[in-house]
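Q: Give me coordinates for this.
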Amino acid sequence: MAKIDHKLDPRGRKVKILATVGPASRSPEMLEKLFHAGADAFRVNMSHGDHATHAETIAAIRSLEKKVSRPITVLCDLQGPKLRVGTFRDGQAVIRHSAHFTLDRNPEPGDDKRVCLPHPELFGILEKGQRLLINDGKIRLKVIRAGEDEILCSAEVGGVISDRKGVNVPDAVVPVPALTEKDRRDLSFAVHHNVDWIALSFVQRPEDVAEARRLMGGHGALMAKIEKPSAVSRLDEIVELSDGIMVARGDLGVELNPEEVPPLQKRIVETSRRQGKPVVVATQMLESMIEAPTPTRAEVSDVANAVYDGADAVMLSAETAAGEWPEEAVTIMHRIASQVEQDPGYAARVHFTETKPDATTADALAEACASISGTLPIAGIIVFTGSGSTARRVARERPGVPMLVLTPSAATARRMGLLWGAHAVSTRDIGSFEEMIAKGKRMALRHGFGQAGSKLVTLAGVPFGTPGSTNLLHVVTLAGNELDRHDEG
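A: Numbers count the residues shown, from 1 in each chain. All right, here's what the predicted structure looks like:
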């Protein structure tokens, strides 16, 4: 069979790019540059800045959305609970290697022998031999004795410790809620501003996800960030309760040995893909581009591996939030992903993860779409959906052709910005089979999904407008005069 030149979407790729907004990128001018460079979605980091600043950022993204006539995804990333030491008499101290160091509940400033740990919930759970990692793991303490008022440790790795440095506890489930009071305020802000995704930090158990979903009240989609070893033991349950998953390699890399992170990343991506949930690979992907205009070869390989694994999206953090080369970082990530997807071996690699359909009509039809597109010269798949669930089912199969998602819901169209291969268009609802076919053809031609004579697979549900009713698959052939008909969208 002759190879078909499939025009995908304006990006020319299927994996999505999530760019973090910060001081280097929050101006309307830079947001537009990042969008045209390849950003499909923008992350608002609630750990930094205030609500007024975040509101301006979201408004600027929505204004850009209207300007470019494309749905743009906004994700608000909650800070989560941060464990920190107290203060020091001189602002800092030096912990000697192999020396004893005590964490206690005494609020007085610390020194090279002790410091306050203002988290009483930790004193009752730590046990001998467990680790405490301070300042992103630069200081490593091992518990010798843990009591109700103090924790005596030995410094496996010493160094300079200063005021309010972060503490990681990798060997225990910390009895703190994933949502702090600040997170609850930030979540309320995100819901009020109709953001598309809310990312929940430091998930340890499925109950954390359930609580956040209850507070969201049906607004937006929920992404669980996997950054605690304790979450890995209940990964399947957490993925099932979430709308999407983020592989947050920053804290994972602190709490685990470095060599443990790559296989765990693959496991999380594979688990998410099997359950049909969008998965984002995040943190330090092009870290050197915070200061340099080009990435290292290792960083390029890191991004490429995530694309080969079939991740739905790859994320830029400080590279676009505070770096000197935000536009270049997005451009290079776009180029890497596009190059990988053009690799003749890409399809085989991305299907290394087997995604068996559930015993439902919708899943069977989604699998059939992918099978047909691999057998016939199909230019694309047209999916009519209200909630987006049909599009997620098709994306789970990682078909070899692009997917045009037509939905009457602007919210659904925006959420598609983190779904592999989806080019979403917000359009009027349909009322009949004939209208579905006509609209599908017109929108396919308008958005570059084939030309006169091209075949496309259409997937929808009858009766139209009924959630969960996907039961119709139809192959159509485009005619040259389809665009002549009037269509208000």
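Q: From residue 172, how far out is the residue nearest to residue 159 when sequence neighbours are not counted?
A: Nearest residue to residue 159, sequence neighbours excluded (C-beta to C-beta, 6 or more residues apart in numbering): residue 139, at 5.2 Å. (C-beta placed from N, C-alpha, C; glycine too.) Separation of residue 139 from residue 172 (C-beta to C-beta, to the nearest Å): 18 Å.
Q: Let me know the helix or strand that the residue nearest the centre of the chain is in.
A: Most central in the chain under C-alpha atoms, centre = their mean is residue 280, positioned 3.4 Å from the mean C-alpha point. In this assignment (DSSP states H and E), residue 280 forms part of strand 279-282.
Q: cool, and residue 371?
A: Going by DSSP H and E, residue 371 is in helix 361-375.
Q: next one: that helix to chain centre, how far?
A: Distance of helix 361-375 from the chain centroid (C-alpha atoms, centre = their mean, to the nearest Å) equals 26 Å.
Q: quick one: low-confidence parts of the stretch 1-150 of the chain?
A: 1-10 (pLDDT under 70).
Q: I'd say the residue nearest to the centre of the chain and residue 243 touch.
A: No. Residue 280 lies out of contact with residue 243 (C-beta atoms under 8 Å); the separation is 11.7 Å.
Q: intersection of neighbour lists for the two?
A: residue 223 (C-beta atoms under 8 Å, 6 or more residues apart in numbering).
Q: Can you name the residues bridging to residue 73?
A: residue 41 (DSSP bridges).
Q: That one - how many residues pack around it?
A: Residue 73: 26 surrounding residues under other C-beta atoms under 10 Å.
Q: who's in contact with it?
A: 18, 40-42, 196-197, 414-418.
Q: where do the strands sit along the stretch 1-150 of the chain?
A: Using DSSP state E, counting those that start in this stretch, the strands of the stretch 1-150 of the chain run over 16-21, 41-45, 73-77, 92-95, 100-104, 114-116, 131-134, 139-146, 150-157.
Q: residues touching residue 27, list them.
A: By C-beta under 8 Å, 6+ apart, the contact set of residue 27 is residue 60.
Q: Distance check, it against residue 46.
A: According to C-beta to C-beta, residue 27 and residue 46 sit 20 Å apart.
Q: Kindly report the same for residue 140.
A: 29 Å.
Q: Looking at those two, which has the bigger crowd around it?
A: Under the criterion of other C-beta under 10 Å, the comparison of residue 140 against residue 46 puts residue 46 first, with 24 against 17.
Q: burial measure for the closest residue to that one other than its chain neighbours, as a count.
A: Leaving aside its sequence neighbours, residue 46 sits nearest to residue 186 (C-beta to C-beta, 6+ apart; 4.4 Å). For residue 186, the neighbour count with other C-beta under 10 Å is 22.
Q: cool, and the one 10 residues further on?
A: Here the neighbour count serves as a burial measure; for residue 196 (other C-beta under 10 Å) it reads 25.
Q: tell me the contacts of it?
A: With C-beta under 8 Å, 6+ apart, residue 196 has these contacts: 41, 73-75, 220-221, 411, 414-415, 417.
Q: re the thing from before, who has more neighbours, residue 139 and residue 172?
A: A direct count of neighbours by other C-beta under 10 Å for residue 139 and residue 172 places residue 139 higher, at 22 against 17.
Q: so that one touches residue 157, yeah?
A: Yes. Proximity of residue 139 to residue 157 meets the contact threshold set by C-beta under 8 Å, at 6.0 Å.
Q: Surely the residue nearest to residue 46 forms part of a helix?
A: Yes. Checked against DSSP: H, G, I helix; E, B strand; the rest coil, residue 186 lies within a helix.
Q: Can you check the pLDDT for it?
A: On the pLDDT scale, residue 186 is placed at 98.
Q: so where do the helices sit in the stretch 201-350 of the chain?
A: Under the criterion DSSP state H, counting those that start in this stretch, the stretch 201-350 of the chain carries helices at the ranges 206-216, 229-232, 235-241, 249-255, 261-274, 297-308, 318-321, 326-341, 346-350.
Q: swap that for the stretch 1-150 of the chain, sorry
A: 28-37, 51-68.
Q: Apart from its chain neighbours, what residue comes closest to residue 387?
A: residue 467 (5.5 Å).
Q: Identify the residues contacting that neighbour.
A: Residue 467 sits next to 386-387, 389 when contact means C-beta under 8 Å, 6+ apart.
Q: what is the nearest residue to residue 98 once chain neighbours are set aside paired to in the beta sheet?
A: Sequence neighbours aside, residue 155 is the residue nearest to residue 98 in space, at 6.1 Å (criterion: C-beta to C-beta, 6+ apart). Beta bridges link residue 155 to residue 141, judged by DSSP bridges.
Q: before we move on, the earlier item: mind putting the strands of the stretch 1-150 of the chain into JSON lines with distance to residue 371?
A: As requested, the strands of the stretch 1-150 of the chain are exported to JSON lines (distance: least, C-beta to C-beta, whole Å):
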{"stretch": "strand 16-21", "distance to residue 371": "24"}
{"stretch": "strand 41-45", "distance to residue 371": "30"}
{"stretch": "strand 73-77", "distance to residue 371": "29"}
{"stretch": "strand 92-95", "distance to residue 371": "60"}
{"stretch": "strand 100-104", "distance to residue 371": "58"}
{"stretch": "strand 114-116", "distance to residue 371": "61"}
{"stretch": "strand 131-134", "distance to residue 371": "48"}
{"stretch": "strand 139-146", "distance to residue 371": "51"}
{"stretch": "strand 150-157", "distance to residue 371": "54"}
